[in-house]
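Peer 1: Output the structure for:
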Amino acid sequence: MRRLDKEIADNGIVEEILHQSELCRLGLVDEGEAYVVPVNYAYQDGVIYFHSAKEGRKMNIMRRCEALSFEITYSSRVIGNEVACKWTTRYRSVMGRASISFITDVAGKRKALDVIMQKYGAGNQLVYEDASLARIAVVALTITRVTGKQSGDWNE
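Peer 2: You can find the predicted model right below:
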């Protein structure tokens, strides 16, 4: 990281960003072309979980590669100034690499979906229809490298 003064060295803050953010952007390469796609997700114990349709460009790319890059922005706010070149942004984000695996067994899908659903406010007694579970893909991204970056005063 070029700006070490912006690095988040506290792993607790990195974990907080991973747990509390709403959206994860996946960075993939499709036949030499960059492809970025946002997904809703949940994080637990070093793994990012999300679900998807089984088919589509994102899934086709992920089946061809072993790893991807990701970015998660926790908070972002542009801060203006009377002087144009003194505008800035207050933000916290993480980015990294992760290995890709597909959860195919029903029990594993239910467990991962529970993590996702509970993050977004569902209770503990969740019911999944077998037909729905059969139609969806559940993906586990095991984080292999992560860095955090922030700008602005976070002690407010």
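Peer 1: from here on, contacts and neighbour counts on C-alpha atoms
Peer 2: Noted.
Peer 1: Geometric centre of the protein: which residue is closest?
Peer 2: Cys24 (3.2 Å; C-alpha atoms, centre = their mean).
Peer 1: shouldn't that one be in contact with Ser69?
Peer 2: No: contact between Cys24 and Ser69 fails when scored by C-alpha atoms under 8 Å: they sit 10.3 Å apart.
Peer 1: separation between the residue nearest to the centre of the chain and Gln44?
Peer 2: Noted for Cys24: a distance of 14 Å to Gln44, by C-alpha to C-alpha, to the nearest Å.
Peer 1: Give me the helices and strands touching the longest helix seen in the chain, please.
Peer 2: Criterion DSSP state H: the longest helix present in the chain is helix 106-119. Counting contacts by 3 or more C-alpha pairs under 8 Å, 6 or more residues apart in numbering; DSSP states H and E, helix 106-119 is packed against strand 42-44, strand 47-53, strand 136-151.
Peer 1: mind running it again at 6 Å?
Peer 2: Helices and strands touching helix 106-119, by 3 or more C-alpha pairs under 6 Å, 6 or more residues apart in numbering; DSSP states H and E: there are none.
Peer 1: Please identify the buried residues of that helix?
Peer 2: In terms of neighbour count (16 or more other C-alpha atoms under 10 Å), helix 106-119 has its buried residues at Lys109, Arg110, Ala112, Leu113, Asp114, Val115, Ile116, Met117, Lys119.
Peer 1: For the fourth one, give me the pLDDT.
Peer 2: According to the model's per-residue confidence, Leu113 sits at a pLDDT of 96.
Peer 1: cool, the first one as well?
Peer 2: According to the predicted model, the pLDDT of Lys109 comes to 96.
Peer 1: Kindly report the same for the last one.
Peer 2: The per-residue pLDDT reported for Lys119 equals 93.
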